[in-house]
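Q: sequence unavailable; structure follows:
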C-alpha cells in the first residue's frame, strides 16, 4: 500500500484534499514504476485543485504536477534501469509511487539534488519558453510582476545572462535586496511607490519592451502602461484571481500586444529536437548552478494541508516541497 493525495470535488485545497492509502500501481507496457522522492508545489497545482486550470480534474482526481523519483520497476525495454533517477511532470505526483510511460521521463543529471530536480521542469522550462517567445535583445528592459516568485527569480538570472535588463515588482521591502543580488536592475515595492513612474525613471522614459505578468487585476493594468510603443505583455498567471482591465486606447495608439503563455501549449509546438535542446540547456544551467533555485520548507506528504498553508504565506522566499 502507498499514500496518495486525492480530491473528490474541486475547491479550496484545505477543504477537499485527502491523503489515502491505495494499492501501489503496476507498470503497463512501456511504463516504469517510480518511487517519488520529492514533489514541488506550484500555483498550477492549486488552480487545478480549484478547477480553475487549463486541464480539468476527473474525480476522484490525484494532485500534483511535478516531481523527481527513482525507478523501482520496468515493463519491457524502457531504456531505463532500476535505480535510475528521473524528473517528470504528470498529473498525480503527490503520491509515494506513480507509473508513467518511459518516454515522458527526463534523466536527472548526476549530482543534482532532489531539492533542485523536483523543480527543474515547470518553472525553468516556462522561463526558457517565455524568454524564447519574448525575443528580447541585449539591453532591452523586461518587467516582471510578482518579482519574488520562484519563477521570476529564474527569469532574472536567465535574463541577466543574456544582457536583458530586468525591473520587477514586490509588496515587501524585505524582498528587494535578494532580487537585486540575483541581477535585477530595479525592484519596485508597489505598496510604497508608483510602478509606471519608477519604470519611466529607470528606463530613461522609454518604457519596457516586454512584461511578464503573473498577477492580473489592477497591477496587470499598471504594468501594461509601462510598455514602450510596439511592446508586448505575456500573461502566464492570475494570482489576484482578477482579469486585467485592458485600456483599449493604450493598445491601439501604442500598438501593443497582449498574449497568453501556457507551457503545455508551448512544448506541443516544438519538435522533438527543439524540446531536447530546451531541456538540455535548462538542466545544464541548473546542474552547474548558473541558475539557482531556493527551498523554503519541506513537509511529509501526510502534512499536505500544512504545506499548502506555507505555500500561500505572503513573503515566502523559496519553494515548498513535499518529501
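A: Yes, it's here. These numbers come from a predicted model, not from an experiment. Residues are numbered from 1 along each chain as shown.
Q: now do the helices in the stretch 51-200 of the chain.
A: 114-117, 122-134, 150-161, 176-182, 195-202 (DSSP state H, counting those that start in this stretch).
Q: between those helices, which one is closest to residue 67.
A: Nearest to residue 67 among these is helix 114-117 (8.7 Å), distances taken as Cβ to Cβ. Heads up, the C-betas are built off the backbone N, CA and C, glycines and all.
Q: can you give me the buried ones in the closest one?
A: By neighbour count with 16 or more other Cβ atoms under 10 Å, helix 114-117 contains the buried residues 114-117.
Q: chain center to that helix: distance?
A: 14 Å (Cα atoms, centre = their mean, to the nearest Å).
Q: same check, this time on stretch 298-306
A: That offset, for stretch 298-306, works out to 20 Å (Cα atoms, centre = their mean).
Q: kindly report the same for stretch 260-271.
A: With Cα atoms, centre = their mean, you get 14 Å for stretch 260-271.
Q: what of stretch 132-146?
A: The chain centroid and the centroid of stretch 132-146 are separated by 17 Å under Cα atoms, centre = their mean.
Q: distance across that stretch, terminal residue to terminal residue?
A: Stretch 132-146 has an end-to-end distance of 20 Å (Cα to Cα, to the nearest Å).
Q: got the buried residues for it?
A: Residues of stretch 132-146 classed as buried: 134, 136, 140-146 (neighbour count, 16+ other Cβ under 10 Å).
Q: quick one: contacts of that stretch?
A: Identification of contacts with stretch 132-146 by Cβ atoms under 8 Å, 6 or more residues apart in numbering yields 152, 155-156, 159, 162-169, 199, 202-203, 206-215, 219-220, 223, 226, 232, 234, 237, 239, 259, 261, 266, 278.
Q: make it 7 Å
A: Applying Cβ atoms under 7 Å, 6 or more residues apart in numbering, the set of residues contacting stretch 132-146 from outside is 152, 155, 159, 162-169, 199, 203, 208-215, 219-220, 223, 226, 234, 239, 261.
Q: what of stretch 249-257?
A: For stretch 249-257, contacts defined as Cβ under 7 Å, 6+ apart pick out 224-225, 227, 229-232.
Q: of the residues you listed - the most surrounded one?
A: In terms of neighbour count, residue 227 stands highest of the contacts of stretch 249-257 at 25 neighbours, by other Cβ atoms under 10 Å.
Q: show me the domain layout of this protein.
A: As assigned by automatic domain parsing, the chain contains the domains 2-120+293-322, 127-264.
Q: out of those, the one nearest residue 284 is which?
A: Minimum separation from residue 284 across the domains of the chain (Cβ to Cβ) falls at domain 2-120+293-322, 7.9 Å.
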